[in-house]
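1. Show me how the following folds:
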Amino acid sequence: MPFDFDPAAHGLTLDETQTAALKAALGGEVQKFLDGEVSGLKSKNTELIGSNKAIKTELDKLKGQFDGLDIEAVKGLLAKAGQDEETKLIAEGKLDEVISRRTERLRTDLDKQVKAANERADKAEAFAAKYSDKVLADSIRAAAIKAGALPEAAEDIILRARGTFKLSEDGEPIATDRAGEVVYGKDGKTPLSPLEWAESLRETATHLWPRAQGAGQTGDNGGKATKKWGEYSEQERAALARDNPEAFKRLQATQGT
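-> Numbers count the residues shown, from 1 in each chain. The predicted model follows:
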């Protein structure tokens with residue numbers, strides 16, 4: 001912008017020649033100064049415009065990074081993290097205490113897991129023991145019935161068997177002694193079976209069997225029964241009639257005596 005100076009406006013009374021000379025003297029320097037100031041302002045303005053554009057670009061980038069996020073929720077999490085006790089301890093340089101607390105939490109969690117695992121194992125063992133006991137009892141009951149024991153004697157025989165038999169890993173009943181060694185049958189080669197064991201009770205627990213199983217139990221004694229009709233129960237007489245008809249006939253002869 002060209003420099004224009006009016007002497008009269010500043011209280012100076014100059015003729016045209018003097019005015020022209022003064023303007024010539026001042027014009028060059030003043031114009032140079034003004035041009036410099038204007039140029040500086042233009043440069044500053046350009047710089048500010050560039051900075052504004054850069055700031056806007058950065059803001060757009062940040063906005064893109066947080067697009068879809070709940071800013072208020074993020075602020076809440078940051079606030080909570082700032083108040084977290086462990087965060088405070090770390091900020092205070094108390095790392096040993098932080099490690100100690102975390103170790104204690106891990107130990108507590110591990111103890112809970114071990115306890116839960118032990119409880120599951122105990123339940124599994126209890127179930128297996130109950131199942132094994134039932135399988136063993138059924139095996140002994142079947143052997144006792146096959147051996148001819150009284151049906152009502154089955155539970156007694158099962159109780160006796162528990163001190164001798166246990167289930168093998170294959171689920172088979174196996175007889176063992178107090179030392180845990182396998183007990184063998186009469187042949188000395190085959191493990192004692194529930195059936196062979198049950199039959200051996202005829203000699204040691206005769207009350208578990210029908211009392212009238214043959215002449216040996218009624219007694220022959222020269223063809224005469226040693227026990228009389230009235231000394232037998234109806235069940236025993238029926239068993240004798242079924243298993244030993246000749247002995248039953250001799251027993252019938254004792255009626256009324």
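2. which stretches of the stretch 101-250 of the chain form strands?
-> For the stretch 101-250 of the chain, the strands defined by DSSP state E, counting those that start in this stretch occupy 165-167, 173-175.
3. can you redo the ones you listed as JSON lines with distance to G185?
-> For the C-beta atoms, the positions are set from N, CA and C on the backbone; glycine is no exception. Formatted as JSON lines, those follow (distance: least, CB to CB, whole Å):
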{"stretch": "strand 165-167", "distance to G185": "13"}
{"stretch": "strand 173-175", "distance to G185": "9"}
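4. residues touching D170, list them.
-> Contact analysis of D170 by CB atoms under 8 Å, 6 or more residues apart in numbering lists nothing.
5. okay, it: pLDDT?
-> Looking at D170, its pLDDT stands at 83.
6. The one 5 residues further on now?
-> Note on A175: pLDDT of 91.
7. wait, isn't it in contact with V182?
-> Yes - in this structure, A175 is within contact of V182 by CB atoms under 8 Å, at 7.0 Å.
8. Under the pLDDT cut-off, which ranges of the stretch 51-200 of the chain? List them.
-> 51-52, 55, 58-59, 62-71, 74-83 (pLDDT under 70).
9. on that earlier part again, what do A175 and V182 both touch?
-> P191.
10. Looking at these two, which is more packed in?
-> Between A175 and V182, A175 has the larger neighbour count (other CB atoms under 10 Å), namely 19 against 11.
11. what bridges to the more buried one?
-> Per DSSP bridges, the residues bridged to A175 are F165.
12. Who are the contact partners of it?
-> Contacts for A175 were tallied using CB under 8 Å, 6+ apart; they are T164, F165, V182, V183, P191, L192, S193, W197.
13. How about the contacts made by the third one?
-> Neighbouring residues of V182 by CB under 8 Å, 6+ apart: I174, A175, T176, P191.
14. how close does it sit to E169?
-> For V182, the distance to E169 (CB to CB, to the nearest Å) stands at 13 Å.
15. ok so, going back, which of the contacts of V182 are buried?
-> Those of the contacts of V182 that meet the buried threshold are I174, A175, T176, by 16 or more other CB atoms under 10 Å.
16. Looking at these, spot the one nearest Q252.
-> Of all the buried ones among the contacts of V182, Q252 sits closest to A175, with 41.9 Å by CB to CB.
17. Show me where the stretch 151-257 of the chain has its helices.
-> Using DSSP state H, counting those that start in this stretch, the helices of the stretch 151-257 of the chain run over 154-161, 194-204, 215-218, 234-243, 245-252.
18. Quick one: closest of these to A121.
-> Of these, the one closest to A121 (CB to CB) turns out to be helix 154-161, at 27.8 Å.
19. Put the alpha carbons of that closest one into CSV.
-> Only the C-alpha atoms of helix 154-161 are listed here, as CSV (Å, rounded to 0.1, in the frame of the first residue of the first chain):
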residue,chain,number,x,y,z
ALA,A,154,-28.1,-114.9,51.1
GLU,A,155,-27.4,-111.7,53.1
ASP,A,156,-25.5,-113.7,55.8
ILE,A,157,-23.4,-115.3,53.1
ILE,A,158,-22.7,-112.0,51.5
LEU,A,159,-21.5,-110.5,54.8
ARG,A,160,-19.2,-113.5,55.2
ALA,A,161,-17.9,-113.1,51.7
